[in-house]
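Participant: Okay, sequence plus prediction incoming.
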Amino acid sequence: MDTLEKAVDFGEKLGADFVEARFEDLTLRSLQKINENWKDITAKTRSGIGVVCYYKGGSGYSFTASKSDKDIQEAVERAFKIAKASVPAVSIKLGFDNQPPVKSTGSDTFTVKEHPKHHSIDEKTELVNRAMDTAKEHGENISTITGLYGELYGTKLFTNSDRSIIDWEFRVVDLVCYVVSKTKEGNMVNNLERSGGTAGFELFSKEGSTPEDIGRKAGKGAKAQLVARACPAGQFRALVDNVLAGTLAHESFGHLSEADFIVTSSSPLTGKIGTKLGSEHATIADNGVPDIEKHGGIWLPFDDQGTRSGETTMLDKGTVTHYLHSRGTAKYLKQKPTGNCRAVHFGFMPIPRMTNTYFKPGDLTEEEALELLGTGVYAIESQGGQVQGDGSFLFKARSGYWVENGEKKYPLREVSLSGNILDLLGRVEGATKDFKIRGGYFGGCGKSGQYPLPTGLGGPKLVIDSVTFGGKA
């Protein structure tokens, strides 16, 4: 922290209006096994210092993996020179006001019972083996089984010209089992199950998250796909599950809410504060500090500008209420900072990004949601897709069911759904009480060349009046 404070002082002496300095020392470990062969067992550290200098509405960023005073001063000097040189070219100048200093406390680090660093590589490989062995027992016509374990943890320090002092530890773990089976016709079907987020090693002893639970669900899910029918094409009423609802919230609405897109007028949500775009059942929020024990997710008490995070409601009962901000975009748009200025690591400048993004729950049970659905498609999970800057999306659900009169009739595969989130929001008819957030080591969010940034997504199950399904994707 003393080194970071010296960096801030040096930047101010050079003439910077404001300086931010952050340090991270993170450990990353991942294991991958395909069938009987270990393909990847990797451990590495990521340690360095990043500095942002602001000058007359311009900004400059530089970083170094060195801890020597000379190298750090050179990084500060580079950042200041970039900021100064950028001023004539910057069309939108993002200044911000000084704030009271932020001071972290011990409670800002999420407490775990069993830190992953205290468990051996043998224990971690055993988790993967247990999940895969269980998947074999419950699957059928299996072509490939992949098991993955990942962990990321370490110290994050921050200070700035406000004299904030922030010191906390980031933690995330993940266990994944992916099963691919082959139908009699030779088609490949699959299912993936996982458990992860900010947690300790004790997560994998918790009911529903043990390797056996993950492997059993992965194997059974792939087996069910062997007899599933292809999803029909057309417009149908839909029930989307918690993960797919979270994918819609993150990919199709969350990115549109990021304020760097707003200030450049490249988002269709620009100038829409106070505009009603959705039904009363559509509320979308982003939260760096969700109830991890109850709902899951990733714990992010501060962003990389030292702003405390919390819950920010971007869409409240269908009405646009707030954007996701850096300090500069918040001042420019006259809103409060939200703690959403993040970088994937010290080699990148922080930009507006999501933390845990979700639809908020309603008051329906799953049975009531199916009854409200009536006849249509129950779409489950997500395995990728495409999103456009105007809110248009094409997602492929991992599986689904055809539902008639509120009853699941038969399983579906090749479930692809498309539309525009701004149209879809007005057709949300209800949300369930159950609420989940998914996060983990694998995957993550990509933006402006920064990937993968750990994020969480989720929500309740949503009943939607009309969704376009494309049949075979």
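Facilitator: Alright, I've got the coordinates. Numbers count the residues shown, from 1 in each chain.
Participant: Phi, psi for Thr109 please.
Facilitator: Summarising the backbone geometry of Thr109 under the convention degrees, to the nearest 10, its torsions are phi -90, psi 130.
Participant: ignore the last one, Thr3
Facilitator: Main-chain torsions, Thr3, degrees, to the nearest 10: phi -60, psi -40.
Participant: wait, it sits on Ile72?
Facilitator: Yes: counting by CB atoms under 8 Å, Thr3 does reach Ile72; the two are 6.5 Å apart. For the C-beta atoms, the positions are set from N, CA and C on the backbone; glycine is no exception.
Participant: mind checking how far Pro232 is from Thr247?
Facilitator: The span separating Pro232 from Thr247 equals 22 Å under the rule CB to CB, to the nearest Å.
Participant: And these two? Which one has more around it.
Facilitator: In terms of neighbours (other CB atoms under 10 Å), Thr247 is the more surrounded of Pro232 and Thr247; the figures are 27 against 14.
Participant: in its sheet, what does the helix or strand of the chain with the lowest mean pLDDT sit against?
Facilitator: Every helix and strand in the chain was compared by mean pLDDT, DSSP states H and E; the lowest is strand 385-387, with a mean of 87. Under the criterion DSSP bridges, strand 385-387 sits next to strand 392-397 (antiparallel) in its sheet.
Participant: okay, now the residue nearest to Gly443 when sequence neighbours are not counted: neighbour count?
Facilitator: Ranked by CB to CB, 6 or more residues apart in numbering and with sequence neighbours excluded, the top spatial neighbour of Gly443 is Pro452, at 6.3 Å. Residues lying near Pro452 (other CB under 10 Å) number 12.
Participant: Direction included, what does the helix or strand in which Pro452 is found pair against?
Facilitator: In this structure, Pro452 sits in strand 450-453 according to DSSP states H and E. Strand 450-453 has these partner strands in its sheet, going by DSSP bridges: strand 445-447 (antiparallel).
Participant: returning to what we had before: who touches the strand holding Pro452?
Facilitator: Counting contacts by CB atoms under 8 Å, 6 or more residues apart in numbering, the residues outside strand 450-453 that touch it are 342-344, 348, 351, 353, 443-447.
Participant: Apply 10 Å and report the result again.
Facilitator: Applying CB atoms under 10 Å, 6 or more residues apart in numbering, the external contacts of strand 450-453 come out as 342-345, 347-351, 353-355, 441-447.
Participant: what sits against the nearest residue to Gly440 once chain neighbours are set aside?
Facilitator: Residue nearest to Gly440 in three dimensions, not counting chain neighbours: Gly196, with 2.8 Å by CB to CB, 6+ apart. Residues counted as contacts of Gly196 (CB under 10 Å, 6+ apart) are 148-151, 172-176, 203-204, 209, 296-298, 438-443, 454, 456.
Participant: Asp291 too?
Facilitator: Per CB under 10 Å, 6+ apart, neighbours of Asp291: 297, 435, 437.
Participant: hmm, try it at 7 Å
Facilitator: Shown in contact with Asp291 (CB atoms under 7 Å, 6 or more residues apart in numbering): no residues.
Participant: How about the one 10 residues further on?
Facilitator: Going by CB under 7 Å, 6+ apart, Pro301 touches 108, 168, 288-289, 308-309.
Participant: Just list whatever residues bridge to the residue nearest to Gly440.
Facilitator: Here Gly196 sits in beta bridges with Asp174, as judged by DSSP bridges.
Participant: Model confidence for it, exactly?
Facilitator: At Gly196, the model reports a pLDDT of 98.
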